[in-house]
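K.L.:
Here's a sequence, model it:
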Amino acid sequence: MSAASVPQPRATRADETAAASGGRRSLAAALLLGAAGAAVVLLASGQTWAEGTAAVAGGSVPLDASGGNVTGVPTALAIVGLAALVAVFAVRRAGRFLVSLLLTLSGAGAAVAAFLGASDRAALDEKAAGTTGDAAARVADVTYTAWPYVTAAGAVLILLAGLLALRHGSAWPAMSGRYERDGGPRAAGSTRTAAPTGDDRPEDLWKALDRGEDPTDPRG
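P.N.:
Predicted coordinates:
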C-alpha cells in the first residue's frame, strides 16, 4: 500500500473541528448582528430626525419629526428582517436560501430608506401646515440629527446577518429534530427519534453554544 493511500484520521478530525468551529462562529454572529441591528433600527426610528420652526401669528413655533414621521420603511423592514432571522432556522435548503435572501434585502432596504430620509423635510412641512392651518406653509430653520444614520447603521447589521446566512446558512442546523422538547441534545446512541415541536426557539441554539456544545455537528 502506498503512503498516499493511508487514511489520515487525525487530519479529518481536525478539518471537521475547524468546519464546526467556523459554523458555530457564523451562527452566533448572524444571530447577534440580526438581533442587534433590528433593535437599533426600531430604537433610532423613534427618535427625532429633523427639527424646524413654523411662522404663526407673528411668531414661530418649534416643530420636530421623528423617524416614524419621515418614513415607516426602516421599522417595517426591521420587523420583517427579525422574523426572517427566526425563520432561517425553521426551513432547509431552498427555503433557507430564500429566507436568507429576504433577511439581506430587508437590511439593504432599511438602510436605503434611512439614508433617503436623512434630509427629508416633507414631514416637517406637513406639520407646519397642520399647525398654522395654511396648506401652503413651509417649515424654516431646518436642522437634521444623526439618528437617520444610526438607523442606517442598524440596517447594515441586518444586512450583514443576511449575508452570513446566505454564505454559511446551509451548514446551520434546523430547529426541529436537533433538540428535544427540553432544549437538550439527544443522547448518544439513542434510537428514539425526536418529534419536531413548536417549542424550539433560536435561544435553544444560544443555550447549546453557552454549554460548549456544537449545534452544527451533524453527529448530534
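K.L.:
And stretch 118-136, what's buried?
P.N.:
Residues of stretch 118-136 classed as buried by neighbour count (16 or more other C-beta atoms under 10 Å): 118, 120-121, 123-129, 131-132. C-betas here are computed from N, CA, C, even on glycine.
K.L.:
Same check on stretch 32-48?
P.N.:
Buried, per 16+ other C-beta under 10 Å, within stretch 32-48: 33-35, 37-38, 40-42, 44-45, 47.
K.L.:
How much space separates A29 from G37?
P.N.:
Using C-beta to C-beta, to the nearest Å, one obtains 12 Å as the distance from A29 to G37.
K.L.:
which residues do these two both contact?
P.N.:
Common contact partners of A29 and G37 (C-beta atoms under 8 Å, 6 or more residues apart in numbering): A161.
K.L.:
now the strands for this structure?
P.N.:
48-56, 59-66, 140-144 (DSSP state E).
K.L.:
Reformat the buried residues of stretch 32-48 as TSV; add pLDDT and distance to F89.
P.N.:
Output for these, formatted as TSV (pLDDT from 0 to 100; distance: C-beta to C-beta, whole Å):
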residue	pLDDT	distance to F89
L33	95	15
G34	94	11
A35	94	13
G37	97	17
A38	96	16
V40	97	22
V41	97	21
L42	97	21
A44	97	27
S45	95	26
Q47	96	31
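K.L.:
Just the closest of these to V142, please.
P.N.:
Using C-beta to C-beta, Q47 comes nearest to V142 of the buried residues of stretch 32-48, at 16.4 Å.
K.L.:
Low-confidence regions, this structure specifically.
P.N.:
Low-confidence regions of the chain, defined here as pLDDT under 70, cover residues 1-23, 174-210, 212-220.
K.L.:
one more time with 80, if that's ok
P.N.:
1-24, 57-58, 89, 169, 171, 173-220 (pLDDT under 80).
K.L.:
Nearest approach to L166 belongs to which of the strands of the chain?
P.N.:
When the strands of the chain are ranked by proximity to L166 (C-beta to C-beta), strand 48-56 comes first, at 30.8 Å.
K.L.:
Using PDB, list the CA coordinates for the closest one.
P.N.:
The C-alpha coordinates for strand 48-56 follow below in PDB (Å, rounded to 0.1, in the frame of the first residue of the first chain):
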ATOM      1  CA  THR A  48     -36.100  62.900  16.300                       C
ATOM      2  CA  TRP A  49     -34.700  63.100  12.800                       C
ATOM      3  CA  ALA A  50     -35.400  66.700  11.900                       C
ATOM      4  CA  GLU A  51     -36.300  70.000  13.600                       C
ATOM      5  CA  GLY A  52     -37.500  73.400  12.400                       C
ATOM      6  CA  THR A  53     -39.900  76.200  13.100                       C
ATOM      7  CA  ALA A  54     -43.200  77.400  11.600                       C
ATOM      8  CA  ALA A  55     -44.300  81.000  11.500                       C
ATOM      9  CA  VAL A  56     -47.600  81.600  13.200                       C
END
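K.L.:
Okay, buried residues for it please.
P.N.:
Neighbour-count burial for strand 48-56 [16+ other C-beta under 10 Å]: 49-55.
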